[in-house]
Every structure is written in C-alpha cells, then in structure tokens.
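K.L.:
the amino acid sequence is not available; the structure is as follows:
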Ligand SMILES: [Zn+2]
C-alpha cells in the first residue's frame, strides 16, 4: 500500500519546480569563477532557459529529473497517486521542451541540458560544464 501523508505530498510538489536547486548553484559558482557573464531564467527565449550565455550564444536547461522525466533515472518515478493527472502533464512537459530546444537551435543557440541528478557528483558536473564552455 502506498499511502503518503498530506505533508509528504506537498513536499513532493514543492520540490518539483524549485529555483536555485543544487545543480543551479554549482553551475552559477562555476560560471562566476570563470568570470563568464550569464543571465538566469530568460523569459524572452523559448522554454525560458535557466542559464543563458549571450556572448557565447549558449543556453543551459537545468532539468528536474521528475519534472522532465529523465529516462532511465530513478528520480523520474511517477507518483503513485494522481497518476491520471501527472502522466499527461509530464508528457506535455517533455514535448514542450523538445519544441523549445528545436526553436532555440533554429535561432542559432547551442542548447545543453543538465539533469538534477548530475549534481550529486559535483566534480563530474564541473567536467561536463568545462566541455560545454
Ligand atoms: Zn536524473
């Protein structure tokens, strides 16, 4: 039986779209160390990318594993409750991001995605960032 308490459920919800997540913190720290100028959550661009490097014309999406259904990742697990509500919603999300990325590429942006779970290993994430930049 899967019974989650009300408190737990609201916690689950609250962590879904939180800003300034662990990966975001690591990325910001890295960028400022390199003295790279960036902007956060740019509303004007498709999909509102989390990190935008104007000069380099690169954008980085920091994806929550659940919210963006990270394939093969433990954290993508569907909630046991309200599955009828979540499933289509998450599917729409994934589709929407694909379209956003396509559009950004069309406009000449290089697009990168960082997953929430990648922040578990800070060194590995930094290596990835080095490659991106
Ligand atoms: Zn993941």
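P.N.:
Looks like it came in fine. Note that the structure is predicted; figures quoted are calculated from it, not measured. Numbers count the residues shown, from 1 in each chain.
K.L.:
return the residues of the chain in contact with the ion.
P.N.:
Neighbours of the ion within the chain, by CB under 5 Å from the ion: 65, 70, 73, 75, 115, 117. No exception for glycine: its C-beta is placed from N, CA and C like everyone else's.
K.L.:
only the buried subset of those, as a PyMOL command please.
P.N.:
Restricted to buried positions by 16 or more other CB atoms under 10 Å, the PyMOL selection for those reads:
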select buried, resi 65+70+115+117
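K.L.:
let me have the residues of the chain next to the ion in CSV, adding secondary structure and pLDDT as columns.
P.N.:
As requested, the residues of the chain next to the ion are arranged in CSV below (DSSP: H, G, I helix; E, B strand; the rest coil; pLDDT from 0 to 100):
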residue, secondary structure, pLDDT
65, coil, 91
70, coil, 92
73, coil, 92
75, helix, 86
115, strand, 94
117, helix, 93
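K.L.:
between the residues of the chain next to the ion, which sits nearest residue 129?
P.N.:
If you rank the residues of the chain next to the ion by distance to residue 129 using CB to CB, residue 115 comes first, at 13.0 Å.
K.L.:
what residues are up against the closest one?
P.N.:
23, 63, 65, 68, 70, 73 (CB atoms under 8 Å, 6 or more residues apart in numbering).
K.L.:
can you count the residues close to the second one?
P.N.:
Which is residue 63. 22 (other CB atoms under 10 Å).
K.L.:
from residue 51, how far out is it?
P.N.:
12 Å (CB to CB, to the nearest Å).
K.L.:
the fourth one too?
P.N.:
Distance, residue 68 to residue 51, using CB to CB: 15 Å.
K.L.:
circling back: how about TSV for the residues of the chain next to the ion, with distance to residue 99 added?
P.N.:
Supplementary listing: these in TSV, determined by distance: CB to CB, whole Å:
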residue	distance to residue 99
65	20
70	18
73	22
75	23
115	19
117	24
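K.L.:
and the furthest pair within the residues of the chain next to the ion?
P.N.:
That would be 75 and 115, which, of those, are the farthest apart (CB to CB) at 8.6 Å.
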